[in-house]
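1. Quick check, what structure comes out for this input:
(chains A and B)
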Amino acid sequence: MEFFATLRLALGVASIDFELDAPVTIKQLVDMASQRLGTDISQKLFDGDKIKRGTMILINGKNIHHLNGLDTLVKPGDRIAVFPPAGGG
Amino acid sequence: MLIPEIFERHARLIGHECFKKLANSSALVAGIGGLGSTVAQLLARTGIGTLHLVDFDRVEENNLNRQILYTRQDIGHYKVDVAAKRLKEIVPHIKIVPHRKRISPEFALPDVDVVVDCLDNFSDRFVLDMLAEDKNIPLVHGGVARFHGQVTVIKYGETQTIRDIFEEVENKDKISVFPPLVTLVGSIEASEAIKLLCDLGPSLVGKLLLIDLLANTIDTIDL
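-> All right, here's what the predicted structure looks like:
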């Protein structure tokens, strides 16, 4: 799981590797990341059971909105990118 | 082909073929604000033949921190009119086609070689994305917010679209942004547009470049 831009600065970490015995959901993976970092990062990324609209999560370059949202399963080898999209011009 | 003196310091660098291609190419810059000021200016200064500029807004004082085509004397004037005049002052032989319009489904996208997205919100970007996809014109996307920004290049039928990548994102208004970031992201967009037109070097087709000037990070994600 890789963090980019301001998220990386806020969390103080660029990426976390997980060893998965079985697929987990994105939500579960974020909980695992929170445990690893010792801080609840779901508050930064989620609004209840939805992704915050100021956050993007891609699995292997695909927006999880096109997959199964926070219930999307993450498999060994998948790369998860988390970052804030920039909308201004 | 005779190289005008203004282009002397880069024409050899990019090569005669590329220079000729640029001179015979056209680009549409959607939004002539922060990103668009830089993109339009760099495309003109590098030698593009025709530039279409699209914007419905007038210059305001609070634009002057980052919209580097404009000065205090331009406040109250339409951006496309000021930009067209200024770009012609820099490169007299360039063809500028101003469109004093907002990007909307009714906008008749001209048959340009590349579209450069310098808009300031995702709703209008999604419309531009559909217009470019309909005509199968490649699109260079850039966006900025606070200290961070992103750039990608869309080739329809080959890559994901802007709607695919940024589905469901927040559509914030009046975003605070660090002025040096704006010109940096605009410069990368201009560079990608030129590389696309000339088929130069590895491009950001199918890749998302993420920049954060506060953290000093530049990353690329495969899309």
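2. use CA for all of it now, contacts and neighbours both
-> OK.
3. tell me which parts of chain A are close to chain B?
-> Counting by CA under 8 Å from any CA of the partner chain, the residues of chain A lying close to chain B are A:4-6, A:9, A:53-56, A:60-63, A:65-66, A:81, A:85-89.
4. Is it possible to mark the buried ones in those?
-> With neighbours counted using 16 or more other CA atoms under 10 Å in any protein chain shown, the residues of chain A next to chain B contain these buried positions: A:4-6, A:9, A:53-56, A:60-63, A:65, A:81, A:85-89.
5. Out of the residues you listed, list just those in strands.
-> Cross-referencing these against strands under DSSP state E gives A:Met56, A:Lys62, A:Asn63, A:Ala81.
6. Wait, the first one touches A:Pro84, no?
-> Yes. Under the criterion of CA atoms under 8 Å, A:Met56 makes contact with A:Pro84 at 5.9 Å.
7. OK, contacts around A:Lys44?
-> Contacts here follow CA atoms under 8 Å, 6 or more residues apart in numbering or on different chains; on that basis A:Lys44 touches A:Lys52.
8. again with A:Ile59
-> Applying CA under 8 Å, 6+ apart to A:Ile59 gives the contacts A:Val74, A:Asp78, A:Arg79, A:Ile80, A:Ala81.
9. where does B:Arg45 land on pLDDT?
-> pLDDT, B:Arg45: 98.
10. Not including adjacent chain positions, what is the nearest residue to it?
-> Sequence neighbours aside, B:Val91 is the residue nearest to B:Arg45 in space, at 6.8 Å (criterion: CA to CA, 6 or more residues apart in numbering or on different chains).
11. count of neighbours near that neighbour?
-> Using other CA atoms under 10 Å in any protein chain shown, the number of residues around B:Val91 comes to 18.
12. Okay, buried residues for the longest helix along chain B please.
-> Among the elements of type helix in chain B, defined by DSSP state H, the one spanning the most residues is helix B:179-198. Applying a neighbour-count criterion of 16+ other CA under 10 Å, the buried positions in helix B:179-198 are B:179, B:181-198.
13. How about stretch A:61-78?
-> For stretch A:61-78, the neighbour count (16+ other CA under 10 Å) marks A:Gly61, A:Lys62, A:Asn63, A:Ile64, A:His65, A:Gly69, A:Leu70, A:Thr72, A:Leu73, A:Val74 as buried.
14. Next, the distance between the ends of it.
-> 10 Å (CA to CA, to the nearest Å).
15. coming back round to it: not counting its own residues, what contacts the helix or strand just after the longest helix of chain B?
-> From helix B:179-198 onward toward the C-terminus, using DSSP states H and E, the following helix or strand is strand B:207-212. When contacts are taken as CA under 8 Å, 6+ apart, the neighbours of strand B:207-212 outside the stretch itself are A:4-6, B:147-153, B:217-223.
16. and B:His10, what does it touch?
-> B:Thr46.
17. buried residues in the helix or strand it falls within?
-> When secondary structure is defined by DSSP H and E, B:His10 falls within helix B:8-14. In terms of neighbour count (16+ other CA under 10 Å), helix B:8-14 has its buried residues at B:Ala11.
18. What's opposite the most centrally placed residue in chain B in the beta bridge?
-> Among the residues of chain B, B:Val116 comes closest to the average C-alpha position under CA atoms, centre = their mean, at 3.9 Å. With DSSP bridges as the criterion, B:Val116 is bridged to B:Val29, B:Val140.
19. pretty sure it contacts B:Leu28?
-> Yes. When contacts are counted by CA under 8 Å, B:Val116 is listed as touching B:Leu28 (6.0 Å).
20. I'd say the residue nearest to B:Arg45 and B:Ala44 touch.
-> Yes. B:Val91 is within contact range of B:Ala44, at 6.7 Å (criterion: CA under 8 Å).
21. which stretches of chain A have low pLDDT?
-> For chain A, no stretch has pLDDT under 70.
22. Please repeat the previous calculation with a cut-off of 90.
-> A:5-12, A:21-22, A:42-44, A:47-54 (pLDDT under 90).
23. all helices of it, in order?
-> Ranges of helices in chain A, per DSSP H, are A:5-11, A:26-37, A:42-45.
24. okay, the ones you listed in TSV with distance to A:Asp17 next?
-> Conversion of those to TSV gives the following (distance: least, CA to CA, whole Å):
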stretch	distance to A:Asp17
helix A:5-11	15
helix A:26-37	9
helix A:42-45	17
